[in-house]
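K.L.:
Okay, here's the prediction I keep looking at, along with the sequence it came from:
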Amino acid sequence: MKLEIIRAHDDGIETIGNLFLQDDNGATIYKCVTLELPYKDNQHQISCIPCGSYTCKKVGVSHIPYPHISITNVPNRDGICIHKGNFKSDILGCVILGCGFADINKDGEPDLLNSGTTFDKFMECVPDEFQLIISEK
């Protein structure tokens, strides 16, 4: 199984991307869109993480009040997760998932649609541990 996030656009305010989950034969079995903070030198809570390969693990309730994905082995960072959220203010360096974009809060920036449902479906598809590859378009 392969999970890849391809970042499509970083406007200095937020980063949008596409997530693809592929089976061992390379067939896409799940896809959605992602929202992250912009890249700002991998700074804690104000930057997305660098492009690269990371080990991910399903974890239970922690500072996030529902099961989610922990992204491990991020250089000089910890506590990075894949979780639910609609707005850039929900992120703090993590990755949030949705089914599309719209300016929900009218701040001129794209927000995620249906994050809760999208995330729950994603959690049903991924194994307890997997590799994540983050790249740029």
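P.N.:
Looks like it arrived, so ask away.

K.L.:
could you pull out the strands for this protein?
P.N.:
2-10, 15-22, 28-36, 52-59, 68-71, 80-83, 95-98, 100-102, 111-113, 129-136 (DSSP state E).

K.L.:
can you tell me how far the residue sitting furthest away from the middle of the chain sits from Met1?
P.N.:
In the chain, counting by CA atoms, centre = their mean, Asn25 sits farthest out from the average C-alpha position, at 23.2 Å. Note on Asn25: its distance to Met1, by CB to CB, to the nearest Å, is 10 Å. To be clear about C-beta, it is placed using only N, CA and C from the backbone, and glycine gets the same treatment.

K.L.:
Go through the strands of the chain and pick out the most buried.
P.N.:
strand 95-98 (a mean of 24; mean count of other CB atoms under 10 Å).

K.L.:
From the chain's centroid, how far away is that one?
P.N.:
5 Å (CA atoms, centre = their mean, to the nearest Å).
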